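> curious how this folds, go ahead:
(one chain, ligands or ions: 1)
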Amino acid sequence: MKKIKVAIIGSGPAGYTAGIYAARAKLKPTIFAGEEIGGQLMFTTEVENFPGFPKAIRGPVLMDRMREQAEHFGAELEPHFITAVDFSHQPFRLWTQLPSSVSAPELIRLKQTDYSVLAKQIKQQPADYLVDSVIIATGAVPIRLHVPGEDKFMGRGVSVCAVCDAAFFKDKNVYVIGGGDSAMEDTLALTKFARQVNVVHRRANFRASKIMCERVLHHPKVKIFWNSQLTEIMGETVVNKIRIVTKDEKTDQLKERVLDADGVFLAIGHRPVSGIFTNEIQIDDHGYILTRKSLSAAGLQLGLTAVDKGVIAYPSMTTSAGVFAAGDVVDVRYKQAITAAAQGCEAALDVERWLENNQS
Ligand code: NAP
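This next block holds a predicted model:
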């Protein structure tokens, strides 16, 4: 069983930044990178809003540089996926084994009850790591719509990653579902290949940032279906049609249409990856991990219990002492690469101070 001072679970901007800071503090952190090394930015194109890159930088390049910087200062990168944790007493225990009945991507999406059963099974084996402190930076995964045909045609016309799959849709007629920044980004990525890109959005205005909305709204290849919901994806071996329902804004009447479609890209948001921490720390109803500075009533209450000399001690600490969290897995509001990186920095500084005060 390997002993570690600081375990960082996750390798997005939060995990890598925590790694850089903890490594520079000579804490020899281990970053458990999981299967999707680099997190969500590996599936994005140009990042235009990360300070320091006036002409934008490609997401995967930015993540590679963060990884290189963390490793340069001594962070160790483990490609393992953490499958179970025990935070009940110190040192904490981490497992990396996975029963043959489930794959790592499936584990991420398990319901909490199903995960609890699996966790018991995993924990029958000896733990793989003993750790003094943990920074959880597991990020988030795309939300699925769960309409008929979605599972059947996943990878056969249905995708949750336009950046990965856009090139397969050259001269095709595709649909993007959603009205946030992800949907706008996916739409623009697809316009480089597809003949026509249709955006299906359930309301009459987008929630995405203005600049992204404008690019989409003014693009000659883009058509918008406002007040519309995708209800079915159809086809034989691959997608060839979709069913959408549109609500008339004035009369509230619903109109159903079956439209020709070669591809469907789901971009309806992300869900925090927190299942493996079920029963170990407090997690809210939407899956966000609670810390002493969470932007919620529960976070405020937790913060108040930790006030020391007028300020909150270790703000990034979860409900378990010695376990900290950062990035999209805690962030109900901002969810930007730069905010995730900042939270990773905060968590590493909190860990450093906490270890100083709590270990001989
Ligand atoms: P989001 O902002 O939560 O948007 C999700 C979109 O999907 C919303 O328009 C929502 O509709 C729609 N939606 C949700 N559930 C739905 C359902 N069941 N059926 C139909 N539509 C549904 O998620 P996101 O776009 O992934 O963005 C997440 C965060 O990452 C945001 O803070 C965003 O700014 C950031 N981000 C930034 C960039 C960038 O800066 N380049 C790129 C991507 C993401 P409603 O609007 O009606 O709720």
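> so Glu175 makes contact with Phe265?
Quick fix: residue 175 reads Tyr, not Glu. Yes: using CB atoms under 8 Å, Tyr175 is in contact with Phe265, at 7.0 Å. C-beta coordinates here come from the backbone N, C-alpha and C atoms, glycine included.
> for the helix or strand where Glu106 lies, buried residues please.
Per DSSP states H and E, Glu106 falls inside helix 104-109. For helix 104-109, burial by neighbour count (16 or more other CB atoms under 10 Å) applies to 107-108.
> can you tell me the average pLDDT over that helix?
For helix 104-109, mean pLDDT is 79.
> packing partners of it?
The contact analysis (3 or more CB pairs under 8 Å, 6 or more residues apart in numbering; DSSP states H and E) places helix 104-109 against no helix or strand.
> residues in contact with that helix?
34-35, 81, 83, 98, 115, 118, 141, 273, 275-276 (CB atoms under 8 Å, 6 or more residues apart in numbering).
> so which of those are in helices?
115, 118 (DSSP state H).
> tell me the buried residues within the contacts of helix 104-109.
Judged by 16+ other CB under 10 Å, buried ones among the contacts of helix 104-109: 34, 81, 83, 98, 115, 118, 141, 273, 275-276.
> lowest-confidence one in those residues?
Lowest confidence among these: Gly34, with 82.
> who touches the closest residue to that one other than its chain neighbours in this structure?
Leaving aside its chain neighbours, Gly34 sits nearest to Phe81 (4.6 Å; criterion: CB to CB, 6 or more residues apart in numbering). Contacts of Phe81 were listed using CB under 8 Å, 6+ apart, and they are 32, 34-35, 96, 98, 104, 107.
> excluding chain neighbours, what is closest to the residue positioned nearest the centre of the chain?
Central residue of the chain (CA atoms, centre = their mean): Ala140, 1.8 Å from the mean position. The shortest distance from Ala140 to any non-neighbouring residue, by CB to CB, 6+ apart, is to His270 (3.7 Å).
> what is the nearest of the buried ones among the contacts of helix 104-109 to the ligand?
Comparing these against the ligand with CB to the nearest ligand atom picks out Val141 as the nearest, at 10.7 Å.
> so the closest one sits right up against Arg271, yeah?
Yes: under the criterion of CB under 8 Å, Val141 makes contact with Arg271 at 5.9 Å.
> give the bridge partners for Val85, please.
Under DSSP bridges, the beta-bridge partners of Val85 are Leu94.
> where does the residue nearest to Gly39 when sequence neighbours are not counted land on pLDDT?
Using CB to CB, 6+ apart and skipping residues adjacent in sequence, the residue nearest Gly39 is Gly12, 2.6 Å away. If you check Gly12, the pLDDT there is 94.
> pLDDT of the helix or strand where Leu259 lies, averaged?
In this structure, Leu259 sits in strand 254-260 according to DSSP H and E. Across strand 254-260, the average pLDDT comes to 98.
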